[in-house]
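next one to model:
(chains A and B)
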Amino acid sequence: MPESSPSEPASVEAVAAGLRSVGYLPGESTALVSFLATKLGKPVLVEGPAGVGKTELAKALARYLGRELVRLQCYEGLDEAKALYEWNYRKQLLRIQAEASDTGWDAVQEDIFGEEFLLARPLMTAIASKEPVVLLIDEIDKTDQEFEAMLLEVLSDFQISIPELGRVESRTHPLVLLTSNNSRELTEALKRRCLYLWLDYPELEHELEIVRLHAPELGETVARRLVEVIGMVRALDLKKPPSIAESIDWARTLLLLGVDDIDAETFTETMSVIVKHRTDMDVVAERVGLKLGSPADVA
Amino acid sequence: MSPEGLPARILELGEELRREGVAVGTSELLDAFEVLREISWTSQEDFREALAATLAKSQEDRRVFELVFDRFFFRATELAAAQEGVREEDFAAFGELSEEELDALRAQIAAALRDGSEGAMRDLARMAIAAFARPQEGSGVIGVDVQRIRRALGLRTEPQPDLPPGDPRREGLPREALRRFEMLLRRELERSQIERTGNLPPARPLGDLDRALPSGPLADLAAVHRVVAQLRRRLATQGLQARGHRRHAHVDVRRTMRASLQTGGVPVVLKYRPRRPRRPEIYVLCDVSTSVTSASVFFLSVLHALHDTFRKMRSFVFIERISEVTDIFEHERNFKTVSERIGNDAGVADVSGYTDYGRVWSEFLVQVEDDLHPRATVIVLGDARTNGRDPRSDIFAQIAARAGRTFWLNPEPRLYWNYGDSVISAYEQHCIAFECWTTAQLEDFVRALARPGMAVAR
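The predicted structure follows:
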C-alpha cells in the first residue's frame, strides 16, 4: 500500500489519490462520498446504470484501505439463512449421535448451540470480523422488501441477535456499500440511513483516462476515437448500453488486432465486444456503422 | 431571514427542498450537518456534493436538488449583496460595438460553447448581455430576453450549413452547453435586475418542465419498463409465496434414505423434493380501438416492456377481431416502429372500428385453447366497452377457468365503470380488475399482485 495509514484518510484528495493508486479513477463526487463514508461510518447507497463501476468501487476501496472485502450478492429469494448465519445442523446431528445416550438435554443443548456449529454468512462475517472490512451488498434491489427490513437492523446498529447465543456486536466498524441498478424503488427507511451516490457513465475525458489506464499501449488517437464511438453507441436506445468494462475490453481487443484507426469495417468486426444483443447489434450497425463509413469523418 | 449563519441557511435549504417535494427528514438534516463538519465549506463543489449525498436520495431528487441549490444560494448571495450595496463592475461601459466586434464576440461565444469552458462562458454571457440586451429594449421578462440574445448570437443546436467552414456554429452546438449558456444568461439578467431594484423577485416554484429528467418521452417508457420488470419478479416468485413455508417440508424420503446409507443409516443429509418455480407464461390481449386511443400508447408501452422482460409470452391486439403481434415485438426493438407497424400492417381486422368482445374471446379461445394451462396468466388491457354487443362473459369465464390467473387492466377511472356500454362487471366476476392508466397505477397493480392469496381470490 502506498499510503502510510490509509484506514483513516485525511482528506478528499487523499481518497482520490488512493483510489487512483489502486487503479480506479474516481469522479469528484465518488471520492468525496467515499471519504465521508469512512469518516462518518455511514453506509453508502450507490446507484447507476449497469457497468459504471459500482462494484468495482467497493473492490477498489477495499484495496486502498487495505481491508478485506466481504461481498453479499443479492438475488430474488435471498433469505436470512443465506445472508446472516445458519446452524450447521449436520454437524449438530453428528454431535448428538456422538454423545452418550444418557447425557441430559440441557448438556447437549449447551453443546450444540455454540459458535462451533454456526455457519457465518457474509453479514455475520463482516460484523464479527476482528479487522475492519469493506462490506459490499451488491444489487440490493434484487431482493424482496422483507430482506431490506432485516438489513435495517444490521446497518443501523451493526449487531445481530441470535436467539440461542445472544447478541453479536460488531467489534470494528465495517465500511458498507450497497449497490442498486434501480430496478425497484428502495424503501425510504433504507435510503434514510445511507449516503447517496449516483454514478453515471463518465464524461468523455474521464472515460478516456480510464481506458488509457487499463490499456496504456493503445494510441492516443485510437483511444479517443474509441471513447467517442462508445458515447455514440450509448446515446442510442439500446437494451444494454456498453459499460465501462466493455470499453476496456474493446480497447484491449483493438490492441490485440493491432488496429490504428476505427473505421466502419473494424467496427462491424469487433462490435460484438461492446454490444451484446442481437437486436441492439442491428441498431448499432445501422446507426453508428454508417457514420464511421465516410473517411472524411476520421479524426 | 432572521437567524444568521450557515446552519440556518442549511435548514432553510432543507425547507425549500421539502416545498419542492423532496423527502428531507430530520435525520437527513442531521447527517448534512455531520458531513459539513468533515469537509470545508469553502470548496463549492465539495460543499454541494456533500449536501447532495445526504439530502437527495434518488436521481430525480438529485436533479431537483441541483436546481434548488443553485437558486437558493444565488438568491441568498444576491440578497446579501443588495443589502451591502455591493455592485459588480459593469460591462455596459464599452458602449456601442461595431458590427465586426459583434461578429468577433459571436464567434468567441460559439467557440466557448463548443469547448464547454465554464469560466469563459460566464464572462461571455455578461458581455453578450451588455452588447445585445440594451436595457431600453429589454422586454422586462427574462425568458424573452434570453431567447432574443440567443437568436442575436445565432446559437443553434442544429447544423447551419450556410455559415463559412471553420465557424463552430456550422456543425451545430452541443445541446447541453447551450442550455448551460442560457442558464448563465438568465442568471446574469436576474442579477442585474436585482441590482437595479435592490430587491429579490418572489421565489417561483419549479415547474414540471424544469423538474422532468431531460430524456423526455423515453423516460416514460423507461418508467413503464421498470414497473414491468418488477411485475416479472412478482409473477416469478409468487408461486412459491402461495405455498408459503410449506416448501421446506417437502422431504424426498426415498432420496434421503438412500443418502443416509453413507452415514450408517442416520439421515444426516436431508434431500428435498426439487422446487418447481412457476414459469410465468403470459397472454396479453390489448385493445387498440378508438375508444381507448388515449390509453393505447400507454398500453403498447406496457406490452413493449412485457416483451422485453418475459420470454414465454404471446400478445394479441384486437378491435373487432384479434391478431397476434408477438412476432412484431420480438423482432422490433424500437418502440416507435412497433407502434407504427401495429397501426399499419398488423392486420387487425377492423371493419367497423368497434370492439366486439364476444368475438374476441371466442377467437382467442380457439387460438390458444390447447396452450392455456393453470400456470398461465392472462392479462387483458381494455375498457370493456362492447358497443352494445353481446359481452359473452361465458366464454371469458372459460378462458379464466383454464388460465391460472386472469387480470384486467382498465384505462378508465373506476367512476365510469359500468356506465354506458361498459360491461366490466360481467367480466369482473371471473378476473381481478384494476384501474390503470398511469405508471403509478401500474405500480399499484404490481404491488397488489404481491399480496398473498391474490392468486386464489376470485
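
so residue A:71 sits in a strand?
Yes. Under the criterion used here (DSSP: H, G, I helix; E, B strand; the rest coil), residue A:71 sits inside a strand.

what is the helix or strand residue B:149 falls within packed up against?
Using DSSP states H and E, residue B:149 falls within helix B:142-153. Contact analysis of helix B:142-153 by 3 or more Cβ pairs under 8 Å, 6 or more residues apart in numbering or on different chains; DSSP states H and E lists helix B:99-115, helix B:118-132, helix B:175-197 as its packing neighbours. The C-beta positions use only the backbone N, C-alpha and C, and glycine is treated the same way.

so which of those helices is nearest chain A?
Minimum separation from chain A across the helices and strands packed on helix B:142-153 (Cβ to the nearest Cβ) falls at helix B:175-197, 10.7 Å.

now do the buried residues in that closest one.
For helix B:175-197, burial by neighbour count (16 or more other Cβ atoms under 10 Å in any protein chain shown) applies to B:177-178, B:180-182, B:184-185, B:187-195.

near chain A at all, that helix?
No. Contact of helix B:175-197 with chain A (Cβ under 8 Å from any Cβ of the partner chain) is absent, the minimum separation being 10.7 Å.

the inter-axis angle of that helix versus helix B:142-153?
Here helix B:175-197 points in a direction 120 degrees away from that of helix B:142-153 (axes from the mean of the first three to the mean of the last three Cα atoms, to 10 degrees).

ok, so what distance separates residue B:308 from chain A?
The gap separating residue B:308 from chain A is 7 Å, by Cβ to the nearest Cβ, to the nearest Å.

next helix or strand past the helix or strand hosting that residue?
Assigned by DSSP H and E, residue B:308 falls within helix B:293-309. Using DSSP H and E, the next helix or strand after helix B:293-309 towards the C-terminus is strand B:313-318.

how about the residues of the stretch 301-450 of chain B near chain A?
Counting by Cβ under 8 Å from any Cβ, the residues of the stretch 301-450 of chain B close to chain A are B:308, B:331, B:332, B:333, B:334.

now those residues as TSV including secondary structure?
Converted to TSV, those look like this (three-state DSSP):
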residue	secondary structure
B:308	helix
B:331	helix
B:332	coil
B:333	coil
B:334	coil
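
could you confirm whether stretch B:25-33 reaches chain A?
Yes. Applying Cβ under 8 Å from any Cβ, one finds stretch B:25-33 in contact with chain A at B:25, B:27, B:28, B:31.

separation between the first one and residue B:253?
Computed with Cβ to Cβ, to the nearest Å, the distance linking residue B:25 and residue B:253 is 53 Å.

run a quick neighbour tally on residue A:165.
14 (other Cβ atoms under 10 Å in any protein chain shown).

ok, the one 3 residues further on next?
Burial of residue A:168 is recorded as 19 neighbouring residues (other Cβ under 10 Å).

would you map the helices across the stretch 51-200 of chain A?
Counting by DSSP state H, counting those that start in this stretch, the segments of the stretch 51-200 of chain A that form helices are A:54-65, A:80-83, A:89-98, A:105-112, A:122-128, A:145-157, A:188-192.

and residue 99, what's its pLDDT?
I went with chain A, as the question did not name one. Per-residue pLDDT puts residue A:99 at 74.

please go with chain B instead
In the prediction, the pLDDT value recorded for residue B:99 is 72.

please report the distance of it from residue B:106.
Residue B:99 sits 10 Å away from residue B:106, going by Cβ to Cβ.

more neighbours: those two, which one.
residue B:106 (20 against 7).

which one is the more buried one nearest to, not counting chain neighbours?
residue B:153 (5.4 Å; Cβ to Cβ, 6 or more residues apart in numbering or on different chains).

which residues does that neighbour contact?
Contacts here follow Cβ atoms under 8 Å, 6 or more residues apart in numbering or on different chains; on that basis residue B:153 touches B:106, B:109, B:110, B:128, B:132.

biggest separation within those, which pair?
B:110 and B:132 (14.2 Å; Cβ to Cβ).

which residue of the two possesses the greater neighbour count?
Just comparing residue B:110 and residue B:132: by other Cβ under 10 Å the higher neighbour count belongs to residue B:110, 23 against 20.

before we move on, the earlier item: could you check the angle strand B:313-318 makes with the helix holding residue B:308?
Here the directions of helix B:293-309 and strand B:313-318 differ by 160 degrees (the same axes, to 10 degrees).

count of residues packed around residue B:254?
Residue B:254: 9 surrounding residues under other Cβ under 10 Å.

which secondary structure element contains it?
helix B:253-260.

residues making contact with that helix?
The contact list for helix B:253-260 (Cβ under 8 Å, 6+ apart) reads B:266, B:267, B:268, B:269, B:270, B:271.

then stretch A:274-285?
Outside stretch A:274-285, the residues that touch it by Cβ under 8 Å, 6+ apart are A:230, A:233, A:236-240, A:242, A:246-247, A:249-250, A:268, A:271-272, B:331-334.

which of the residues you listed are buried?
Buried by 16+ other Cβ under 10 Å: A:230, A:233, A:236, A:238, A:242, A:246, A:247, A:249, A:250, A:271, B:332, B:333, out of the contacts of stretch A:274-285.

please save the CA atoms from stretch B:108-120 in CSV.
Below are the C-alpha coordinates for stretch B:108-120, written out as CSV (Å, rounded to 0.1, in the frame of the first residue of the first chain):
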residue,chain,number,x,y,z
GLN,B,108,-15.9,33.7,-29.4
ILE,B,109,-19.1,32.6,-27.6
ALA,B,110,-19.7,29.8,-30.1
ALA,B,111,-16.2,28.6,-29.6
ALA,B,112,-16.6,28.6,-25.8
LEU,B,113,-19.8,26.7,-26.1
ARG,B,114,-18.2,24.1,-28.3
ASP,B,115,-15.3,23.6,-25.9
GLY,B,116,-17.7,23.8,-22.9
SER,B,117,-15.4,26.0,-20.9
GLU,B,118,-17.5,27.1,-17.9
GLY,B,119,-15.4,30.1,-16.8
ALA,B,120,-15.3,31.7,-20.2
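
quick one: low-confidence parts of chain A?
Along chain A, the model assigns pLDDT under 70 to residues A:1-7, A:100-103, A:183, A:290, A:292-299.

and it, which of its residues are near chain B?
Selection of chain A residues close to chain B by Cβ under 8 Å from any Cβ yields A:12, A:28-29, A:32-33, A:35-36, A:39-40, A:42, A:45, A:47, A:76-77, A:90, A:93-94, A:97, A:144, A:182-185, A:188, A:191-192, A:194-198, A:237-239, A:279-280, A:282-283.

among the residues you listed, which are located in strands?
Taking DSSP state E, the ones among these that sit in strands are A:45, A:47, A:195, A:196, A:197, A:198.

count of residues packed around the last one?
Neighbouring residues of residue A:198 were enumerated by other Cβ under 10 Å; the total is 22.

go ahead and confirm it touches residue A:47.
Yes. Distance between residue A:198 and residue A:47: 5.5 Å, which falls inside the contact criterion (Cβ atoms under 8 Å).

between these two, which contacts overlap?
residue B:59.

which residue packs closest to residue A:91, ignoring adjacent ones?
Spatial nearest neighbour of residue A:91, chain neighbours left out: residue A:117 (5.5 Å); criterion: Cβ to Cβ, 6+ apart.

for residue A:139, same thing?
residue A:74 (4.9 Å).

could you list the domains of chain B?
For chain B, automatic domain parsing gives the domain ranges B:6-84, B:92-201, B:220-244+B:278-450.

give the contact list for residue A:99.
Contacts of residue A:99 by Cβ under 8 Å, 6+ apart are A:107, A:108, A:111.

can you mark which positions in stretch A:151-171 are buried?
For stretch A:151-171, burial by neighbour count (16+ other Cβ under 10 Å) applies to A:151, A:154, A:155, A:158, A:160, A:168, A:170.
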